[in-house]
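**Q** predicted model and sequence below, questions to follow.
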Amino acid sequence: MLLKRLVIKDKEGKDDIVEAIYDSTNLLKTTYLIEQRRLYVYFRKGIVYSYYAVDREMYDGLETAQSQGVYHKEHLSNNRMYPYAREFKMLNFEIQDINEEIEKAKKLLNENRTPE
């Protein structure tokens, strides 16, 4: 589930980069470079992969999916349309920082829900 989304604009004011964090058992975060059509996926185990030629529709599908892990596996993982590369492994403190951001976003989301 999408928890938080940040859109960074370029000099002309166009959307340039989209960063998102998730409440997911497999994915922590994504960074999508719109013009380059490049998607970085940060996994819970700390591995970061980049996927090439990812159009906006595919990215939006991942971001809004009920399960980002399932969507990734079904649509991006091992799909020849989206070549990928293992970029790097995050350090433990980097994983911890993202997990703390996720917990803050979950807490904020729960505080903003109105009781039924």
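**A** Ah, there it is.

**Q** got a pLDDT number for residue 74?
**A** With respect to pLDDT, residue 74 scores 93.

**Q** which of the helices or strands spans residue 87?
**A** Here residue 87, judged by DSSP states H and E, is contained in strand 84-89.

**Q** I would like the residues contacting that strand, please.
**A** Here strand 84-89 makes contact (Cβ atoms under 8 Å, 6 or more residues apart in numbering) with 40, 46-52, 76. Just so you know, the C-beta spots here come from the backbone N, C-alpha and C atoms, and that holds for glycine as well.

**Q** next: stretch 19-35.
**A** Stretch 19-35 is contacted from outside by 1-6, 8, 10, 15-18, 38-44, 54, 56, 59, 62-63, 67-69, 72, 95, 98-99, 101-102, 105-106, using Cβ under 8 Å, 6+ apart.

**Q** narrow those to those in strands?
**A** Using DSSP state E, 2-6, 8, 15-18, 38-43 are the members of those that sit in strands.

**Q** from the residues you listed, keep the buried residues only.
**A** 2-4, 16, 18, 39, 41-43 (16 or more other Cβ atoms under 10 Å).

**Q** got the residues you listed as TSV, with pLDDT and distance to residue 91 columns?
**A** Formatted as TSV, those follow (pLDDT from 0 to 100; distance: Cβ to Cβ, whole Å):
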residue	pLDDT	distance to residue 91
2	90	25
3	92	22
4	91	22
16	94	26
18	96	24
39	97	22
41	97	17
42	96	12
43	95	14
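
**Q** may I have the strand holding residue 87 as CSV, with CA atoms only?
**A** In CSV, the C-alpha atoms belonging to strand 84-89 read as follows (Å, rounded to 0.1, in the frame of the first residue of the first chain):
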residue,chain,number,x,y,z
TYR,A,84,17.0,-4.4,-15.3
ALA,A,85,20.3,-4.2,-13.4
ARG,A,86,21.2,-4.8,-9.8
GLU,A,87,22.5,-1.4,-8.7
PHE,A,88,23.8,-1.8,-5.1
LYS,A,89,23.0,-3.1,-1.6
